[in-house]
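J.: sequence-free structure coming up:
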């Protein structure tokens, strides 16, 4: 039976880590490996992880210096023994049937299985899919047109898709690195299955908003560099076939950037 490795990057998540790990060990699918990557946490996240490892033999702990979420995920994949990888953030949770729901759709010709993701916080939004099978080109278009969640969550990914290039993302990319990784993976897939079932609870926390850089100039510079990395990650042949999806992607990002600028102006007025 194919084994599944759940990779959890952890950095200073002591408030939420217990709930996250509890949701993982409660999964109904028994063939699991849970890899907790303590990415140089300075709070009690490391000791919380160690305590859980003593309770459940499926849990493996890796303590390392802080290098960011991309390297943490890479470390987890490199130390995994499963045929399939599932990423979970340390402040999120997954429903009890999540892994089993995804697992049921494993086939020899399928490289990724994606379930519905729910956002929970001040507001609740569900990224709901109809059952669909997409090839690499269709899936890449779906990412660029925001029809599929661009993060690595709520899915099983065949481990053989990963290589060094998947994670070769500059350290200065600290926001949107998920999109780059997913675009690189998309072009290697044969078939992707989308499911209507909810398999992931993305939990928004107030402190997440406090870390946003509200400098418009720095945002522009960052966006330029980030978009350059996006374009470099798309194969030349694919670019010709999905030019309208790329244009849509750029227009959408510009819209959000302008929205952010208006938010910053409003924020400054309120602070006066």
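T.: Nice, thanks for sending it over. None of these values were measured; they are calculated from a predicted model. Numbers count the residues shown, from 1 in each chain.
J.: got the buried residues for the top strand by length along the chain?
T.: Secondary structure of the chain per DSSP state E: the longest strand is strand 192-203. By 16 or more other CB atoms under 10 Å, the buried positions in strand 192-203 come out as 192, 193, 194, 195, 197, 198, 199, 200, 201, 202, 203. (C-beta placed from N, C-alpha, C; glycine too.)
J.: let me have the residues you listed in JSON lines, extended by pLDDT and distance to residue 68.
T.: Shown next, in JSON lines, are these (pLDDT from 0 to 100; distance: CB to CB, whole Å):
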{"residue": "192", "pLDDT": "98", "distance to residue 68": "27"}
{"residue": "193", "pLDDT": "98", "distance to residue 68": "30"}
{"residue": "194", "pLDDT": "98", "distance to residue 68": "29"}
{"residue": "195", "pLDDT": "97", "distance to residue 68": "30"}
{"residue": "197", "pLDDT": "96", "distance to residue 68": "31"}
{"residue": "198", "pLDDT": "95", "distance to residue 68": "29"}
{"residue": "199", "pLDDT": "97", "distance to residue 68": "26"}
{"residue": "200", "pLDDT": "96", "distance to residue 68": "22"}
{"residue": "201", "pLDDT": "95", "distance to residue 68": "24"}
{"residue": "202", "pLDDT": "92", "distance to residue 68": "20"}
{"residue": "203", "pLDDT": "88", "distance to residue 68": "21"}
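J.: measure stretch 55-67 end to end?
T.: 28 Å (CA to CA, to the nearest Å).
J.: what of stretch 184-202?
T.: Stretch 184-202: ends 23 Å apart by CA to CA.
J.: quick one: mean pLDDT for stretch 31-45?
T.: For stretch 31-45, mean pLDDT is 96.
J.: quick thing: my sequence starts at 399, can you match it?
T.: Understood, numbering begins at 399; the last thing we discussed is stretch 429-443.
J.: now do it: distance to the chain's middle.
T.: 16 Å (CA atoms, centre = their mean, to the nearest Å).
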